[in-house]
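Asks: Predicted model and sequence follow; I will ask about them next.
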Amino acid sequence: MRASGAQFHVAMAGTLTEGQPLVVLIHGFPEYWYAWRNQIPALAEAGYAVAAVDVRGAGGSDRTRHTFDTPTLASDIIGVVRSLGASKAILVGTGSGGALAWVAASLAPNLISGVVTISSPHPTDTFKLGLHITFRTWRHYLSAFRPQLAERALTNPSKLKKLLSEVSAPGNTGATEAVEYYSQALQLPNAAKTQIQQLRWTWGMNRKRSGRKLLDQISRPLNIPVMTIRGDLDPLLPTRAWATTSRHVAGDYRHEVIPDAGYLAHEEAPDEVLRLLLEYLER
């Protein structure tokens, strides 16, 4: 489908009816829409219209040059929602996709009626913590400053499997089971390069005028229901990363912790994530 001047691949399920919000699923790094394979059918069966988007640069969506900044990617999500004809949408994002959900909701408050994020505190808090948490937390971000090495790692199935294992709970293979699919998607022309550039932009956000402008734009609290989810064995983001998230929400806010799950909770504990999503949507 066409939106925001680019072509996007969107995995759809369910039927959008008048007055019902569209549930938009936004994957994170280094995934594509397939990250939501365990939730899409059940959400549709529960009566919701679901759209799992391949973010620009990933999967089947366009990999346009020089358009890997967060404002553009968040605007893409808004454009996709509008192109699908939805008057309201609830955004569900994981990792970097969660950051896009936070930003898109701030940029289009009349369109976005709810936000759920997994392993994704508010972007302003995440950025501030970047200077205080362990080097391991940002290792895959820092590797983005050596693009050629990072690209080779992402397109090598065994190295990608190691990365997914490192960010998962010990012994949990929920994410690594899909490594062949992710590896194939990252081997598409410029796919790995584009996703690395997206990470580099995020890491240097405060050094860019557009980045500082964005941080100011999203500083106003969201007046919508927000739920954040964290895997209690997440090796990347510590519990304190969510310590001040409630300050960014003027509406109803809840924070859930999933036992025995890591950074990729939507793949490591898919049934529990689905249960929480259905609870949130039914409220």
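Replies: Thanks, I have the structure now. Everything numeric here is computed off the predicted structure, so don't read it as measured data. Residues are numbered from 1 along each chain as shown.
Asks: Near Gly174, how many other residues are there?
Replies: By the criterion of other CB atoms under 10 Å, Gly174 has 19 neighbours. Just so you know, the C-beta spots here come from the backbone N, C-alpha and C atoms, and that holds for glycine as well.
Asks: Could you do Gly204 as well?
Replies: Burial of Gly204 is recorded as 12 neighbouring residues (other CB under 10 Å).
Asks: what's the pLDDT at it?
Replies: Here the pLDDT value assigned to Gly204 is 75.
Asks: now His140
Replies: Here, the pLDDT recorded for His140 equals 56.
Asks: Can you give me the distance of the residue nearest to the spatial centre of the chain to Ser4?
Replies: The geometric centre of the chain, computed from its C-alpha atoms, lies nearest to Gly97 (CA atoms, centre = their mean), at 1.5 Å. Remark: distance between Gly97 and Ser4 (CB to CB, to the nearest Å) = 16 Å.
Asks: just Lys162 next, same as before
Replies: Taking CB to CB as the measure, Lys162 falls 34 Å from Ser4.
Asks: Ala192 too?
Replies: In terms of CB to CB, Ala192 sits 22 Å off from Ser4.
Asks: who has more neighbours, these two?
Replies: Ala192 (25 against 19).
Asks: Tell me which helix or strand comes right after the helix or strand bottoming out on mean pLDDT in the chain.
Replies: Taking mean pLDDT, DSSP states H and E as the measure, the chain has helix 139-142 as its least confident helix or strand, at a mean of 53. Next helix or strand after helix 139-142 toward the C-terminus (DSSP states H and E): helix 147-154.
Asks: Show me what counts as buried in that next one.
Replies: For helix 147-154, the neighbour count (16 or more other CB atoms under 10 Å) marks 150-151, 153-154 as buried.
Asks: So for that helix, mean pLDDT?
Replies: For helix 147-154, mean pLDDT rounds to 76.
Asks: which helices and strands does it pack with?
Replies: Under the contact criterion of 3 or more CB pairs under 8 Å, 6 or more residues apart in numbering; DSSP states H and E, helix 147-154 touches helix 157-166, helix 191-203.
Asks: what's the most buried one of those?
Replies: Ranked by mean neighbour count, these are led by helix 191-203 with a mean of 22 (mean count of other CB atoms under 10 Å).
Asks: now for that one, which elements pack on it?
Replies: Packing partners of helix 191-203 (3+ CB pairs under 8 Å, 6+ apart): helix 70-83, helix 96-107, helix 139-142, helix 147-154, helix 179-186.
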